[in-house]
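Enquirer: Sequence first, then the predicted structure:
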Amino acid sequence: MKIKFLKLKSWLLITAMSALGLSSCHCHKQLAEPEPEPEPAVRDRGEARLMYGVPTMDFQIRGQVKDAQGKPVKDIRINMLERNMEVQGTDLQGDAEAIERWLENSSVVTDRQGRFELKNSGLPQEQVRLLVRDVDGKKNGEYKNRMVEMEVTADDVDRTHAGGWNQGTFNKDIEIKLEDK
C-alpha cells in the first residue's frame, strides 16, 4: 500500500510540474554553435551599463562661468563627460553625429549670471570631467572651449542618503574662467 501511495504521489507531482511548465533544466542534446552577435551600429565607447547590483553615485555640480575680467558669461554649454569618453584637447573622438546628439541632450547652459547646476547619476569615479563650450558665436563674446577636471575626494561626497548600491552624492561648487579666442 505504501509503494502505491508513493507512486501516486510521484505521478501527481510530475503531472503538476508538467502542467506548470517546469521541466528538467538539463538538456542531453548537443547544442549547435551559437550564431555570432552582429556588430554594433554605433561604436562602443566601453561604457558600463547600469543595472541591479552596480554601485552608483549622484553628481551635483554647481558653479559660475566668468570671462578673463571676472564678468559672468551667459549661454555657455557645459557637459559632464561619461567614463571612458575619448577626448583630445577639447574635442570628443568617435561618431560625430552620435557625439553631437549626446552633447545637445546632456548639457546645461549658464544663465545671465553665468551660473549653472549640473545633475547626473552614474558609476562612482575618481575624476569628473566637464566640457565647457561657447556655442552662441559672437553674441556675448567668443571664448575658447575648455576641459575642467576635478578629483573626487571623500570630503566632496555626501553619504547622508547613501545606502544599498548608492555610494552618495558628489557635491562641488566651482568657478570656471574662460579665455578669449
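Expert: Looks like it came in fine.

Enquirer: Near the closest residue to residue 126 other than its chain neighbours, how many other residues are there?
Expert: Nearest residue to residue 126, sequence neighbours excluded (C-beta to C-beta, 6 or more residues apart in numbering): residue 152, at 5.7 Å. Backbone N, C-alpha and C define where each C-beta goes, glycine included. Residue 152: 16 surrounding residues under other C-beta atoms under 10 Å.

Enquirer: Helix or strand next in line after the lowest-mean-pLDDT helix or strand in the chain, which one?
Expert: The weakest-scoring helix or strand in the chain, judged by mean pLDDT, DSSP states H and E, is strand 87-88 (a mean of 69). Moving toward the C-terminus from strand 87-88, the first helix or strand encountered (DSSP states H and E) is strand 91-92.

Enquirer: Pull the residues that contact that following strand.
Expert: 81, 85-86, 99, 103, 131 (C-beta atoms under 8 Å, 6 or more residues apart in numbering).

Enquirer: Also stretch 144-152?
Expert: 61, 87, 89-90, 124-134, 170, 172, 174, 176, 178-181.

Enquirer: which residues does the spatially most central residue of the chain bridge with?
Expert: Residue closest to the average C-alpha location in the chain (C-alpha atoms, centre = their mean): residue 122, at 4.3 Å. In this entry, residue 122 is beta-bridged to residue 57, by DSSP bridges.
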